[in-house]
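Make a model of this:
(chains A and B)
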Amino acid sequence: MIEAGRSDALPGVRMPSRRRFDAATVVVHIAVAGLALLCLFPLLLVVASSFTDEIALARNGYSIIPSKFSVEAYLAIFNKPAVILRAYAVTTGITFVGTILGVSMIALLAYPLSRRDFILRTPISFMVFFTMLFNGGLVPYYILMTQYLNVQNTIFALLLPHLVGAYYVLILRTYFSGLPDELFEAARVDGAGEWTIFWQIAVPLARPALATIALFIALNYWNDWTTALYFIRSPDLYPLQYLLYIIQSNAQAMALQEQVGQIGTQKLPTETARMAMAVLATGPASVLFLFFQKYLVRGVTLGAFK
Amino acid sequence: MARLGRRSLLRTATQVGVGVLAGVQSLGTHAIAQASSRTPASSPVLTYIYAGSSDQKALPDVEKALSGLAMERISASVKLVTFDWGTFDQKISLANAAGEKHDLYYTAPWINNYYTNIRQEYLLKLEKLLADLAPILWGSMTPDTWDAARVGGSIYGAINQQIFVKPFGPYIRADVAKDAGVEDAFRALTSYDDIGPIMAEVKKYIDSKQGGFQYVTVAANINATETFGYDVVDSGLVVKSTDMAGKVGLYSDTLEYSRAALTIRQWNELGYTPSEPKTSSEQQDAWKAGLSTMMMSGVVKPGGDAEIKGRWGHEVISVAIAEPLLTTAGSTATMTGVNSLSANPEAAVKFLELLNSDVRFYNTLCKGIEGVHWEWDDKASLLIRPAGGKASYADTGYNPNTDWQFGNVFNSYYTARSQVGAWPATADLNRNARPSPLLGFTFDGKSVDTERAACAAVAKEFGEPLTFGIVDPMTQIPALNKALQAAGIDRIRAEMQKQIDAWMAAKKR
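Numbers count the residues shown, from 1 in each chain, chains lettered A, B, ... in the order given. Coordinates of the predicted model:
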């Protein structure tokens, strides 16, 4: 989708007044539309399956138009809505809080690193960069979280890992250092302190970059299930994606149980219910993406013009 | 020694590295963590980790009840930790790798791998402790059975007694068998050779129904090794149950495998099976939706028909075809191990004894609290029902439904009338089964790991289409065997034969 936005925008830059549909443009448009459809197809299939009658699905297989329309799967999920609602609350909570906290922290770290008059600029930049090259690996990470920070099975275990991404710090630092120095000097001459310069000048100018990074962080939080896999044991703290993962992977574990002669120890949600769960879990993320898309396109092209 | 070194070295290294990074803040929390992990020696808290559905609302109540019972008998209390089935492997291996101090956990060759856990020294050697502190559990199984859990001369897991044998056989829906007039013929089956005509009748019946059913059977997997009396050791390498010399052969090279593959192919061509392979979840959906009439190969066990009915809602008839064979893999299919870092190994083993000998204790873990989660339906035949007129156990807030994961299932109360009597019958099945010549042997495949991975990939690529009958066995079986050869099956076979010969020689002495 990023690609689509880009190739659309570029001809627009060159001829702002009037679109001419020459052969090349038509071909490009068809190709891009085809690609977009290809990306959309699996998603549509999931949505269609979730609205298909369970027996009809087993009998006829998947199709883009439900062979027999049914909302049973959604009714089954919302019959006992506590589980999914709680998961929604957890996910939206950590996404909201994590994004705001994360963007603030990244901005507060990136801005000083962009300032040439900051003495520790090089060593701290290196430390940030170093974490992108080397990390301790899974087990030390687990030990840090559970035995030193002691955040296992708390909401902090879900919040902390995605708070500050080194990559985002570097992007934002580059963006900040692209702002003209004269601006800050003028502000200083007018009597602005460091905080005022940061809040009144740097942050408003960096809004597209901040929005892009906020989107990335939000998607990280929204889609994250591994953190919960490692650190969360209480069902009350399961985020949405982890709940989905458990439902899918439980089905595979059941197949294993059968091999050792144990039949059906758990009632599994039906195929259609699993599809409905997937729709409920991914739906809001796609809306969020559409909402932020204009910032994203601008943010992505930012680096290119520099 | 080297392995022990590696584990502690890793932990020391991470502690140092992490300590620097986490800085001053970590000092305080670490001290707290250490203090809280140390419990007074007088009444230890045993942490027991197992797989299940984490959505058991009444788990804290059951934990309290169990702790009360355990405090009386072994002066310890119990902390129950459930990891969801699909995440059990990852969660438990992380906890073990990080050196957490939980006491007991579920382990098996097929999930939370027993042999890997032994290799990583995550499991405590138990044979002395079991003999001293758990005499009833130790005496409840034959030395032969215990040998199945032995690796390098030591036992690292307490075997949960349950069905050890896998008498495979076909299932048919009772209504279909009756309507198609094949019930008597089906009940008289003794081998898969005679099942063809029954399937033909069923096919005719299905066609006459027009649209009700879709397949005679959704999967025709009659090629399970046990069906033909082979004990599969690893990588599709087998030893015949009657071969006391223990000569290793390749299963896909046997006459039985070829014949089964040809039969499956024929069924596929006759339209008895789906035209393309179905995943295991698709197969289950097909059964639930009533599209399939027969299941060609399932474990036929006492009470098994009732389990199927509970699961898919269809009354079924089943017939065991395979001769029950007692194998290492079957005996060790479910075990409970003690963490090598447990602070209270003696108490943990006493807990195992309690779990496997005290019927009330065991059933509290399996079924919940009497009067709260279940009540007697017919006490004389040990039959229970959901408490308070609830429709199902799931409604009571506690229904782990994995008795076989916790201990000796023969101590478990029956939950359905049709199950009554299943446990003595299963125990008989275990006792009368023919012991495999390799019972107690475990293959250590470490030196041929590369070849094993390559062979597993080949077996998946060629084996699945053969099992579904969608390719011609006449060309594909030779292709499979040739690919296995190229993947290094002969090196695995040579290594396996060497280990088996050494094991047999040691046993004779």
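
Can you list the low-confidence ranges for the stretch 151-300 of chain A?
A:255-256, A:258-269, A:292, A:294-300 (pLDDT under 70).

I'd like the domain boundaries of chain B, if you could list them.
B:1-38, B:40-141+B:148-161+B:333-406 (automatic domain parsing).

Tell me, how many residues neighbour B:Val420?
16 (other Cβ atoms under 10 Å in any protein chain shown). For the C-beta atoms, the positions are set from N, CA and C on the backbone; glycine is no exception.

hang on, I meant A:Ala251
20.

now the strands for the stretch 251-400 of chain B?
Along the stretch 251-400 of chain B, the segments classed as strands by DSSP state E, counting those that start in this stretch run B:292-299, B:316-318, B:325-326, B:335-338, B:374-378, B:383-386.

same question for the third one, mean pLDDT?
Strand B:325-326 carries an average pLDDT of 89.

Do that strand and chain A come into contact?
No. Applying Cβ under 8 Å from any Cβ of the partner chain, one finds strand B:325-326 separated from chain A by no less than 12.6 Å.

Can you tell me the strand partners of that strand and which way each runs?
Within its sheet, and counting by DSSP bridges, strand B:325-326 is paired with strand B:434-435 (parallel).

Which SSE is immediately downstream of the partner strand?
The helix or strand immediately downstream of strand B:434-435 is helix B:449-467, counting by DSSP states H and E.

hmm, back to that, redo the strands of the stretch 251-400 of chain B as a markdown table? Include distance to A:Pro208 and mean neighbour count.
Converted to a markdown table, the strands of the stretch 251-400 of chain B look like this (distance: least, Cβ to Cβ, whole Å; neighbours: other Cβ atoms under 10 Å in any protein chain shown):
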| stretch | distance to A:Pro208 | mean neighbour count |
| --- | --- | --- |
| strand B:292-299 | 57 | 26 |
| strand B:316-318 | 64 | 21 |
| strand B:325-326 | 69 | 24 |
| strand B:335-338 | 56 | 26 |
| strand B:374-378 | 62 | 17 |
| strand B:383-386 | 59 | 19 |
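
Run through the residues that contact the nearest residue to A:Ser70 once chain neighbours are set aside.
Counting by Cβ to Cβ, 6 or more residues apart in numbering or on different chains, A:Asp53 is the residue found nearest to A:Ser70 once chain neighbours are left out, at 4.0 Å. Residues in contact with A:Asp53 (Cβ atoms under 8 Å, 6 or more residues apart in numbering or on different chains) are A:Pro66, A:Ser67, A:Lys68, A:Phe69, A:Ser70, A:Glu72, A:Thr272.

Taking chain B, what residue is nearest to chain A?
Of all residues in chain B, the one sitting closest to chain A is B:Gly86 (2.5 Å; Cβ to the nearest Cβ).

Isn't that residue up against A:Gln252?
Yes. At 6.4 Å, B:Gly86 counts as touching A:Gln252 under the criterion of Cβ atoms under 8 Å.

Looking at these two, which is more packed in?
The residue with more neighbours, out of B:Gly86 and A:Gln252, is B:Gly86; 19 against 13, by other Cβ under 10 Å.

State the number of residues packed around A:Thr227.
21.

nope, B:Pro435 is what I was after
B:Pro435: 17 surrounding residues under other Cβ under 10 Å.

ok, now A:Leu120?
10.

swap in A:Val128?
Count around A:Val128 with other Cβ under 10 Å applied: 19.

Could you tell me the per-residue confidence at it?
Confidence for A:Val128, expressed as pLDDT, is 92.

list the contacts for it?
Neighbours of A:Val128 in contact, by Cβ under 8 Å, 6+ apart: A:Leu109, A:Leu113, A:Ala166, A:Val169, A:Leu170.

Off-centre distance for stretch A:111-129?
27 Å (Cα atoms, centre = their mean, to the nearest Å).

Next to chain A, which bits of the stretch 101-250 of chain B? Give me the list.
B:Ala108, B:Trp110, B:Ile111, B:Ile163, B:Lys166, B:Gln214.

Kindly reformat these as CSV and extend each row with pLDDT and secondary structure.
Formatted as CSV, these follow (pLDDT from 0 to 100; DSSP: H, G, I helix; E, B strand; the rest coil):
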residue, pLDDT, secondary structure
B:Ala108, 92, strand
B:Trp110, 87, coil
B:Ile111, 90, coil
B:Ile163, 90, coil
B:Lys166, 86, coil
B:Gln214, 83, coil
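
Filter the residues you listed down to the buried ones and hand me the PyMOL line.
The PyMOL selection below is limited to those of those classed as buried (16 or more other Cβ atoms under 10 Å in any protein chain shown):
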select buried, chain B and resi 108+110+111+163+166+214
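
Need the residues of the stretch 101-250 of chain B next to chain A in TSV (columns: distance to B:Asp132).
Output for these, formatted as TSV (distance: Cβ to Cβ, whole Å):
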residue	distance to B:Asp132
B:Ala108	25
B:Trp110	30
B:Ile111	29
B:Ile163	29
B:Lys166	33
B:Gln214	58
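
Looking at the residues of the stretch 101-250 of chain B next to chain A, which is nearest A:Leu219?
B:Ile111 (32.4 Å; Cβ to Cβ).

That closest one: what's it in contact with?
A:Ala253, A:Leu256, B:Ala51, B:Phe88, B:Asp89.

quick one: which of those has the most company?
B:Ala51 (27 neighbours).

That residue touches B:Phe83, doesn't it?
Yes. The pair B:Ala51 / B:Phe83 is scored as a contact, 5.7 Å apart, by Cβ under 8 Å.

Bridging across strands, which residues link to B:Asn339?
Residues in beta-bridge contact with B:Asn339 (DSSP bridges): B:Leu123.

just to revisit the earlier point, ok, and which of the domains of chain B has the densest surroundings?
domain B:40-141+B:148-161+B:333-406 (a mean of 19; mean count of other Cβ atoms under 10 Å in any protein chain shown).

how far is it from where the chain is centred?
With Cα atoms, centre = their mean, you get 15 Å for domain B:40-141+B:148-161+B:333-406.

what's the answer for stretch A:175-183, then?
29 Å.

Residues in contact with it: which ones?
Contacts for stretch A:175-183 (Cβ under 8 Å, 6+ apart): A:110-111, A:113-116, A:201-202, A:205-206, A:209, A:302, A:306.

Could you identify the buried members of those?
A:Ala110, A:Tyr111, A:Leu113, A:Ser114, A:Arg115, A:Ile201, A:Ala202, A:Leu205, A:Ala206, A:Ala209, A:Leu302.

No further questions, thank you.
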